[in-house]
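J.: whatever this is, show me its structure:
(4 chains)
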2 protein chains.
Amino acid sequence: MAAPDPRIDTKVRLVDAAEKLFSEHGFAATSLRAVTAEAGANLAAVNYHFGSKEGLVRAVFDRRLGPLNDERLRLLDECERAAAPGRPPELDSVLRAMTLPWARMVKESSASGIQFVRLLGRAHFEPDPELRRLIVASFREVVRRFSAAIHRSVPALSQRELHSRFFFAVGAFTVIADLPTFSLFAVDGNAAAEEQIGGLDTVVEHMIGFLRAGFLSPPVDVPGRGALLP
Amino acid sequence: MAAPDPRIDTKVRLVDAAEKLFSEHGFAATSLRAVTAEAGANLAAVNYHFGSKEGLVRAVFDRRLGPLNDERLRLLDECERAAAPGRPPELDSVLRAMTLPWARMVKESSASGIQFVRLLGRAHFEPDPELRRLIVASFREVVRRFSAAIHRSVPALSQRELHSRFFFAVGAFTVIADLPTFSLFAVDGNAAAEEQIGGLDTVVEHMIGFLRAGFLSPPVDVPGRGALLP
DNA sequence: GTCTATATAGCGATAGAC
DNA sequence: GTCTATCGCTATATAGAC
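T.: Reported below is the predicted structural model:
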């Protein structure tokens, strides 16, 4: 626990501290007292700068999700420009456009990388409706554009199955934080987790290979075929 | 909110109520007052029966995870018995052994199905170390046995890549709860979610197809080849 | 086993001095 | 912008009557 750098703006220090503690303990279990102590700020500072605890939570997500998803869309634009006219963009480069901004952000985040992955993962299970709306809104365009791009590589997929597959891929992102803790060999989960982030590039390559094959596999769901199970 | 059935044991009613409320709002955000009210029991009942709130949380997971994973292992045994001697068990049936007990439990849970998926998913991101140990222990044998079984279908995989792929598959399970809320069309996430669980069998078939292809794809990680990225 | 009543502690938020 | 002090509330947990 390094002492917070007083040259950094209090507002920034609060978001940094909140990101770290929310990642470690969840939103509900993290008190403003803990956040302000970690940030070296006064208890009243959160309400002064963010209006409420929820305002702070929003600020934590806002700072990350906007840039993350903008960069993904920018890379997707590049993929589509690079594609031959009338041809779908390369599936591999589309998957990289989804993945690389995320990997970069994990490595650069002020919370230790693995904690930040947990924070993003936990966002998908967030029960608070207000916060859910914020998160869903941040991902909306990414879901739309990437689904469409992938669909062009696998046009035989129904909308439903495309949607399912896209989220199976999202699931792969979310569990990377837990990959090491559930390892059979990991005794100290956190140490193993840090080492895993060191090998993040390798895991990313594993993931792209895995997802590419999943997306390219023939459709299971043939529209209009009726029930799939007995 | 149906009135609780007083013929059911208080202890059981408490676990039922807790499962439902934990699923909807998370652990930290659910008070014992809410649980006992939902269960039609006295506030003091939780401490009498479970010692503490944490005891209740443990009881909720204990009741589900043991039987879920036992059933998975039982089905895996069947797959392995059904395989020709010296041959790996059918990958498809191995994936079903992992999936079907889960799908059955989702449909039968006292919490509404989609909420229960969230509860199980949230288990993977649980910050509390005590609870994490319980959960990891519950999955330990499943991870070991299923990884080994899948490895026999794709023997070229390194241990590392096998491990990565296995958890990408786990990720697919966890996001099924979010599939509908992140839908482009869903306005009311919860209504859409309930409908999705109605179509759970379809999503399960999508998932098995997707995962099969992912597992069978050629390895990315060739042991001893060195760094994968520039 | 179930109840009421309460102890003890921590929470988010704010008023008002500096 | 930052601080102290405190309000009002809710939480978990328990003691003791029934």
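
J.: which residue ranges form the helices in chain A?
T.: Assigned by DSSP state H, the helices in chain A fall at A:10-25, A:32-39, A:45-50, A:53-82, A:91-108, A:113-123, A:129-153, A:159-175, A:189-198, A:200-216.

J.: what's the fourth one packed up against?
T.: Meaning helix A:53-82. helix A:10-25, helix A:32-39, helix A:45-50, helix A:91-108, helix A:113-123, helix A:129-153 (3 or more CB pairs under 8 Å, 6 or more residues apart in numbering or on different chains; DSSP states H and E). Bear in mind the C-beta positions are built from the backbone N, C-alpha and C, glycine included.

J.: pull the distance from that helix to the chain's centre.
T.: Chain-centre distance of helix A:53-82: 10 Å, with CA atoms, centre = their mean, to the nearest Å.

J.: quick check: angle from it to helix A:91-108?
T.: 140 degrees (axes from the mean of the first three to the mean of the last three CA atoms, to 10 degrees).

J.: least confident of the helices and strands packed on helix A:53-82, on average?
T.: Averaged per stretch, pLDDT over those is lowest on helix A:113-123, reaching a mean of 79.

J.: in TSV: the helices of chain A, plus mean neighbour count and distance to B:V175.
T.: Below are the helices of chain A laid out as TSV (neighbours: other CB atoms under 10 Å in any protein chain shown; distance: least, CB to CB, whole Å):
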stretch	mean neighbour count	distance to B:V175
helix A:10-25	21	19
helix A:32-39	18	29
helix A:45-50	18	30
helix A:53-82	16	17
helix A:91-108	19	14
helix A:113-123	24	10
helix A:129-153	16	12
helix A:159-175	24	4
helix A:189-198	17	20
helix A:200-216	21	13
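
J.: for these, give me TSV that also has distance to B:A41.
T.: Compiled in TSV, the helices of chain A are given as follows (distance: least, CB to CB, whole Å):
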stretch	distance to B:A41
helix A:10-25	29
helix A:32-39	32
helix A:45-50	37
helix A:53-82	31
helix A:91-108	44
helix A:113-123	30
helix A:129-153	28
helix A:159-175	35
helix A:189-198	36
helix A:200-216	46
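
J.: which one of those helices lies nearest to B:P155?
T.: helix A:200-216 (16.5 Å; CB to CB).

J.: skip the chain neighbours and tell me the closest residue to the spatially most central residue of chain A.
T.: What sits nearest the mean C-alpha location of chain A, by CA atoms, centre = their mean, is A:L120, with 4.5 Å. Spatial nearest neighbour of A:L120, excluding adjacent residues (CB to CB, 6 or more residues apart in numbering or on different chains): A:T174 at 7.0 Å.

J.: get me the contact residues on chain A for DNA strand D.
T.: Within chain A, the positions near DNA strand D by CB under 7 Å from any atom of the strand are A:10-11, A:41-45, A:48-49.

J.: now those residues as TSV including distance to B:M105?
T.: Shown next, in TSV, are the residues of chain A next to DNA strand D (distance: CB to CB, whole Å):
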residue	distance to B:M105
A:T10	48
A:K11	45
A:A41	45
A:N42	48
A:L43	44
A:A44	47
A:A45	45
A:Y48	47
A:H49	44
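
J.: and of those, the nearest to B:A37?
T.: Checking the residues of chain A next to DNA strand D against B:A37 by CB to CB gives A:L43 as the nearest, at 31.9 Å.

J.: what pLDDT does the model give the closest one?
T.: 98.

J.: tell me how many other residues crowd it.
T.: Per other CB atoms under 10 Å in any protein chain shown, the neighbour tally for A:L43 reads 12.

J.: quick check: the residue nearest to A:L120 vs B:T174, distance?
T.: To B:T174, A:T174 is 6 Å away according to CB to CB, to the nearest Å.

J.: try A:A213
T.: Taken as CB to CB, the span from A:A213 to B:T174 is 20 Å.

J.: the residue nearest to the centre of chain A is in contact with A:V175, isn't it?
T.: No - at 11.2 Å, A:L120 does not count as touching A:V175 under the criterion of CB atoms under 8 Å.

J.: can you tell if stretch A:155-173 touches chain B?
T.: Yes - using CB under 8 Å from any CB of the partner chain, we find that stretch A:155-173 touches chain B at A:160-161, A:163-165, A:167-168, A:170-173.

J.: biggest separation within these, which pair?
T.: A:R160 and A:F173 (21.2 Å).

J.: ok, A:A97 touching A:D70?
T.: No - taking CB under 8 Å as the definition, A:A97 is not a contact partner of A:D70, at 11.8 Å.

J.: about what we covered before: export the residues of stretch A:155-173 next to chain B as TSV, with columns for pLDDT.
T.: Compiled in TSV, the residues of stretch A:155-173 next to chain B are given as follows (pLDDT from 0 to 100):
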residue	pLDDT
A:R160	89
A:E161	93
A:H163	92
A:S164	94
A:R165	96
A:F167	92
A:F168	96
A:V170	93
A:G171	93
A:A172	93
A:F173	90
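
J.: wait, which of the residues you listed is closest to A:I114?
T.: Nearest member of those to A:I114, counting by CB to CB, is A:F173, at 13.2 Å.

J.: ok, now which ones touch that closest one?
T.: Taking CB atoms under 8 Å, 6 or more residues apart in numbering or on different chains, we find A:F173 in contact with A:99, A:102, A:120-121, A:207, B:171.

J.: tell me the one of those residues nearest A:S109?
T.: Nearest to A:S109 among those, with distances taken as CB to CB, is A:L120, at 9.6 Å.
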